[in-house]
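Undergrad: Here's my sequence, what's the structure:
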Amino acid sequence: MSAAASVISSVSRATIKGSKRWPHKSPSLTKIIENNKPIAISPDHDIPLGQWSSEQIKEAVTDNVMTTWTPGKARHGTPIITHGEGVYLFDDKGNKYLDWTSQAVCSNLGHDLPESIINATMKQMKELPYIYGGIGMVEVRARLAKLISELLPGDLQGMVFPSSGSEANEAAIATARRYTGKHKVINWYRGYHGGTSNALQATGDSRRWLGRDTVPGFVKTFNPFPLFWDVAGDSEAERTQMALNMLEEQVLNEGPDTVALIQFESVVGAGGVLVAPEGYMQGVRAICDKYDILLHCDEVMVGFGRTGKMFGFQNYDGVVPDIVTAAKGVSSAAMPLSIMATRKHIMEAFEDKTIGWGSTYQAHPVALACAYENVKYLVNKDIIGHVQRLAPVFEDAMKTVADNHPSIKQYRSIGLFGCFDAQALDGTNPQLQHEALNGAFVAYKKAYNDSGLLGLLRPPHFHVAPPLTITEDELLDGFEKQDKALYALDEALGF
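TA: Residues are numbered from 1 along each chain as shown. Now for the predicted structure:
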C-alpha cells in the first residue's frame, strides 16, 4: 500500500461523515450567594409610619432608593416631605412650599383631598380591594365608564382603565394598529407620551434616546413651533397652512396605507405648554379623515380641567379625536389610574377580538372608586369654572413676571397652565432639556426653593401649573415668589 493510501485509510478510520455536536459543558455556578437567609426585618419597621427620624429616612434613601428621570445622586438633595395642606407642602425642617407645578402636573386638587374621595376609596378597599378585570365586573367600573363617556363629546364611549399615562398610550397604539391593520404612528418631536416601550418611542424629546430609539414603526414630525426656525408664511394662518402641508406631505411619503395613527398631545406639556395655532388641529383631523388614519389626542397632562376645558382638545372647535388618553387629573394623582377612550365604531370592532393590550391592574376597583368621586367632585364643585375665572389673573401675572425679567424670552399660558422660556444674554437658548443643569439654573433652582416654591424644573422651560383649587391670593403669592427667584437667574445669566 502506498503512503498516500495509508494516510487516507487512517483518516477514514478516525472520522465519520455527518454533523454531530462537539463535546461541550455549560459553565457551573461558581459565584454562589446565600439566598435563603432567615426572614428577619429591622425593628425600625415597628415604628409607626410618619415617625422615622430624618436620619433614618436618609439612610434608607441612600442604601435602597433609586430615581427615574434624574441621576441617582439627585435623591440626596430631594427634600423630605412630611405632609400637605391645600396647595402647600411641608418638609422635615418645617419649610413650607407652594406646589407650583402640582407635582408632575397631576395633584390637581392639592394635598388634602375631600372626604368624599377618601371615603369612597376606603369603602371600596374594605368591600373588594381587587378583582381582575377579565374575571369579574364591579359597579364602579361601569359607573366611571359611563361618567367619562358623558363628559366626552361625540361618541367617545369605549373605556379601558390602565394604571398610568404610559400604559394608556400603549393601549391606544395597540388598539389603533389592530383596528386599522396598519403599523406606523406619527408623533411630534416636541412631545412626550411615556416611559414604556412604544410610548417612549412615540416620545419626541431626549428621553426617547434612553430607550436606544430602536422600536420600529414610529415617525417623527415637527409641530408648528420648532425651536430654532420658523415655518414659512407672513401670517399665522399662512404658517399654519404650511405646517399642515408639511404634515400631509410626510403622510404621503410614508404611505397613507401604512399609517395607523397620528398621536399628538392636545397641548404639549413637558415640551413647553404649546397650544396649537388656530386651524391646525382642525387640519390634522381633516388629514386623518382624508387618508383613513386614526387621530389620538394625548390628554394625560391637561385632561380634567387644566386648560379651562374638561379636555384640552375642546379648545379646538369641531375636533373630536378617535382615541383619547388621560391620567393624572382623573384621580388628581391620589391613585394610579388612566383612561383610554375610543369612539363607538372602534369599540364595536373589538366585539370579536382583543385590542391586543392588557394589564393585571387594568380597571383596579380601588383606583376606580377614587377617580369616580374625584371626577364627580370636579363637576359638582365647578372646578373648571374656577379655572376659567382665574385664567385672566394667571395670564396677567405671567405677562408681568415675563416683562420684569430680561432672562425670560417669552411665555405661554392657557387656563392654569403656563410656561416661561429662558434666554441667554445674546438671546440664544441657554440650555437644552437633555443637558445637565448649568450653574445659572442651579442658582435659580436654589432661589426658587428658598422663595418657597417646589416644582418641576426643565430648563429652558419653567412650568407654572398650580393645583386647580388654588385661590387668587395664593396664586398671586406664587407669582411673587417666582418673580423673586428669577432675579437670581437674571444675575447668573449676566443681565
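Undergrad: wait, doesn't residue 199 sit right on residue 191?
TA: No. Under the criterion of C-beta atoms under 8 Å, residue 199 is not in contact with residue 191, lying 10.8 Å apart. For glycine as for every other residue, the C-beta is placed from the backbone atoms N, C-alpha and C.
Undergrad: got the contact list for residue 416?
TA: Applying C-beta atoms under 8 Å, 6 or more residues apart in numbering to residue 416 gives the contacts 306, 308, 387, 390-391, 394, 465-466, 468, 470.
Undergrad: Out of those residues, the closest to residue 35 would be?
TA: residue 465 (45.8 Å; C-beta to C-beta).
Undergrad: quick one: the closest one and residue 414, what's the gap?
TA: Counting by C-beta to C-beta, to the nearest Å, the gap from residue 465 to residue 414 is 11 Å.
Undergrad: ok, the two, which is more surrounded?
TA: Taking other C-beta atoms under 10 Å, residue 465 and residue 414 do not tie; residue 465 has more neighbours (27 against 22).
Undergrad: Surely the more buried one touches residue 415?
TA: No. Contact criterion C-beta under 8 Å: residue 465 and residue 415 do not qualify, at 9.2 Å.
Undergrad: hey, what's in contact with both of the two?
TA: residue 306.
Undergrad: re the thing from before, between residue 199 and residue 191, which is the more surrounded one?
TA: When residue 199 and residue 191 are compared on other C-beta under 10 Å, the one with more neighbours turns out to be residue 199, at 28 against 23.
Undergrad: So the more buried one versus residue 269, what's the distance?
TA: From residue 199 over to residue 269 the distance is 14 Å, taken as C-beta to C-beta.
Undergrad: How about exporting stretch 203-222 as PDB, limited to the C-alpha atoms?
TA: Extracted as PDB, the C-alpha positions of stretch 203-222 are listed here (Å, rounded to 0.1, in the frame of the first residue of the first chain):
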ATOM      1  CA  THR A 203     -42.000  60.400  22.600                       C
ATOM      2  CA  GLY A 204     -40.100  63.100  20.700                       C
ATOM      3  CA  ASP A 205     -37.900  64.600  23.400                       C
ATOM      4  CA  SER A 206     -34.500  63.400  24.500                       C
ATOM      5  CA  ARG A 207     -35.900  60.700  26.900                       C
ATOM      6  CA  ARG A 208     -36.600  58.700  23.700                       C
ATOM      7  CA  TRP A 209     -32.800  58.300  23.300                       C
ATOM      8  CA  LEU A 210     -32.600  56.400  26.600                       C
ATOM      9  CA  GLY A 211     -34.600  53.600  25.000                       C
ATOM     10  CA  ARG A 212     -32.000  53.300  22.200                       C
ATOM     11  CA  ASP A 213     -34.500  54.600  19.700                       C
ATOM     12  CA  THR A 214     -34.800  51.200  18.100                       C
ATOM     13  CA  VAL A 215     -38.600  50.300  18.300                       C
ATOM     14  CA  PRO A 216     -39.900  50.300  14.700                       C
ATOM     15  CA  GLY A 217     -43.000  51.900  13.300                       C
ATOM     16  CA  PHE A 218     -42.700  55.400  14.700                       C
ATOM     17  CA  VAL A 219     -42.300  58.500  12.600                       C
ATOM     18  CA  LYS A 220     -41.400  62.000  13.900                       C
ATOM     19  CA  THR A 221     -42.700  65.300  12.600                       C
ATOM     20  CA  PHE A 222     -42.200  68.900  13.600                       C
END
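Undergrad: Low-confidence stretches in this structure?
TA: When residues are selected by pLDDT under 70, those of the chain lie in 1-14.
Undergrad: just the helices in it please.
TA: Secondary structure of the chain, counting by DSSP state H: helices at 3-14, 54-64, 102-105, 115-127, 139-151, 165-180, 197-202, 236-254, 280-291, 344-349, 365-380, 383-404, 439-450, 472-492.
Undergrad: Check what contacts stretch 59-74 and list those residues.
TA: 75-76, 195, 207.
Undergrad: Quick one: distance of it to the chain centre.
TA: From the chain centre to the centre of stretch 59-74 is a distance of 21 Å (C-alpha atoms, centre = their mean, to the nearest Å).
Undergrad: From the rest of the structure, what touches stretch 106-117?
TA: For stretch 106-117, contacts defined as C-beta under 8 Å, 6+ apart pick out 83-89, 99, 102, 301, 304-306, 327-329, 332-334, 370, 373-374, 376-377, 383, 467-470.
Undergrad: Just the buried subset of the residues you listed, please.
TA: Buried members of the contacts of stretch 106-117, scored by 16 or more other C-beta atoms under 10 Å, are 84, 86-89, 99, 102, 301, 304-306, 327-329, 332-334, 370, 373-374, 376-377, 383, 467-470.
Undergrad: Tell me the spacing between the spatially closest residue to residue 445 that is not a sequence neighbour and residue 447.
TA: Using C-beta to C-beta, 6 or more residues apart in numbering and skipping the chain neighbours, the partner closest in space to residue 445 is residue 457 (5.6 Å). Distance from residue 457 to residue 447, counting by C-beta to C-beta: 11 Å.
Undergrad: what about residue 326, neighbour count?
TA: Residue 326: 27 neighbours (other C-beta under 10 Å).
Undergrad: what about residue 95, neighbour count?
TA: 14.
Undergrad: Do I have it right that it meets residue 81?
TA: No. If you go by C-beta under 8 Å, residue 95 and residue 81 don't touch, sitting 9.7 Å apart.
Undergrad: now, of the helices of the chain, which is deepest in the fold?
TA: Most buried of these, by mean neighbour count (mean count of other C-beta atoms under 10 Å): helix 165-180, with a mean of 25.
Undergrad: from the chain's centre, how far out does it sit?
TA: With C-alpha atoms, centre = their mean, you get 15 Å for helix 165-180.
Undergrad: just stretch 18-31 next, same as before
TA: Here the centre of stretch 18-31 is set off from its chain's centre by 47 Å, with C-alpha atoms, centre = their mean.
Undergrad: Quick check: end-to-end length of it?
TA: Stretch 18-31 has its terminal residues 38 Å apart, counting by C-alpha to C-alpha, to the nearest Å.
Undergrad: now do stretch 150-170
TA: Its start and end residues considered, stretch 150-170 measures 24 Å (C-alpha to C-alpha).
Undergrad: picking up where we left off before, I'd guessed the residue nearest to residue 445 sits against residue 442; true?
TA: No. Judged on C-beta under 8 Å, residue 457 makes no contact with residue 442 at a distance of 10.0 Å.
Undergrad: Would you enumerate the residues in contact with residue 278?
TA: Contacts of residue 278 were listed using C-beta under 8 Å, 6+ apart, and they are 236-237, 240.
Undergrad: Adding distance to residue 347, write those out as TSV.
TA: Output for those, formatted as TSV (distance: C-beta to C-beta, whole Å):
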residue	distance to residue 347
236	37
237	36
240	32
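Undergrad: number of nearby residues for residue 19?
TA: When neighbours are counted by other C-beta under 10 Å, residue 19 registers 4.
Undergrad: For it, what are phi and psi?
TA: Backbone dihedrals for residue 19, given as degrees, to the nearest 10, come out at phi -140, psi 60.
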